[in-house]
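[1] Only the shape, not the letters, is given here:
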């Protein structure tokens, strides 16, 4: 038996957040094709959907095995314990504190700590936002955040990274994400923090619904894994 998890616009299109079926032996691409036939609302999303199997992005030719957990990943918008036993990588419904998250990475070997705070803005392209709603595939999101932390540690030796994203309903000016990077040297801290937010947008399965005065829509900027853009 295969379990399929759906999020954000994909869940809206199907009308459910999970499905189960005997799709063992199908490739990821064949499963997506079958689900489009069963749920026509998925057709418009199919070109931009990524597929994860057992919480890792999968190529279209990956074959499914009994017991696999598959996730359909629409375009997204965004470890070791730190001080006070808080994790470095986290998805939470709690309000975010930049100071508290920065404290998770600051250490005696760091000469600089750079913090990025993403907040909910009121106006986008002349359209007034009332509030945002964030949703995440939490288990995979944390795993992808941990990957970003490893990338940073390899590229900037001595770096320590924390990424915490909030989900649920957020009002204007509230913080949706806080990224803190501590490094021995200040230039590295700025560069690593920028790398973290760009990678967050690319690979971490978190979505936002913009709720305007006259409507609402799931939006995102994820381009998906590299294999999705190959032309052969």
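    Perfect, I can see it now. Keep in mind that what you see is a predicted model, and the values were worked out from it rather than measured.
[2] The helix or strand harbouring residue 192 - what's its average pLDDT?
    Taking DSSP states H and E as the criterion, residue 192 maps to helix 186-203. The pLDDT scores in helix 186-203 average 95.
[3] next one: stretch 140-148
    94.
[4] same thing with stretch 59-75?
    90.
[5] Report the separation between the two terminal residues of it.
    Terminal residues of stretch 59-75 lie 16 Å apart, using Cα to Cα, to the nearest Å.
[6] rewinding a little: just checking, what packs against the helix or strand following the helix holding residue 192?
    With elements assigned by DSSP H and E, the helix or strand that comes after helix 186-203 is strand 206-212. Counting by 3 or more Cβ pairs under 8 Å, 6 or more residues apart in numbering; DSSP states H and E, the packing neighbours recorded for strand 206-212 are helix 8-14, strand 127-136, strand 215-219. In short, each C-beta sits where N, CA and C put it, glycine included.
[7] Show me what the helix holding residue 192 is packed up against.
    strand 112-119, helix 138-155, strand 160-166, strand 175-183.
[8] okay, the ones you listed, which one's buried deepest?
    strand 160-166 (a mean of 27; mean count of other Cβ atoms under 10 Å).
[9] Please name the strands paired to it in the sheet, noting orientation.
    strand 89-92 (parallel), strand 175-183 (antiparallel) (DSSP bridges).
[10] For residue 69, which of those is the nearest?
    Closest to residue 69 of these is strand 89-92 (Cβ to Cβ; 17.4 Å).
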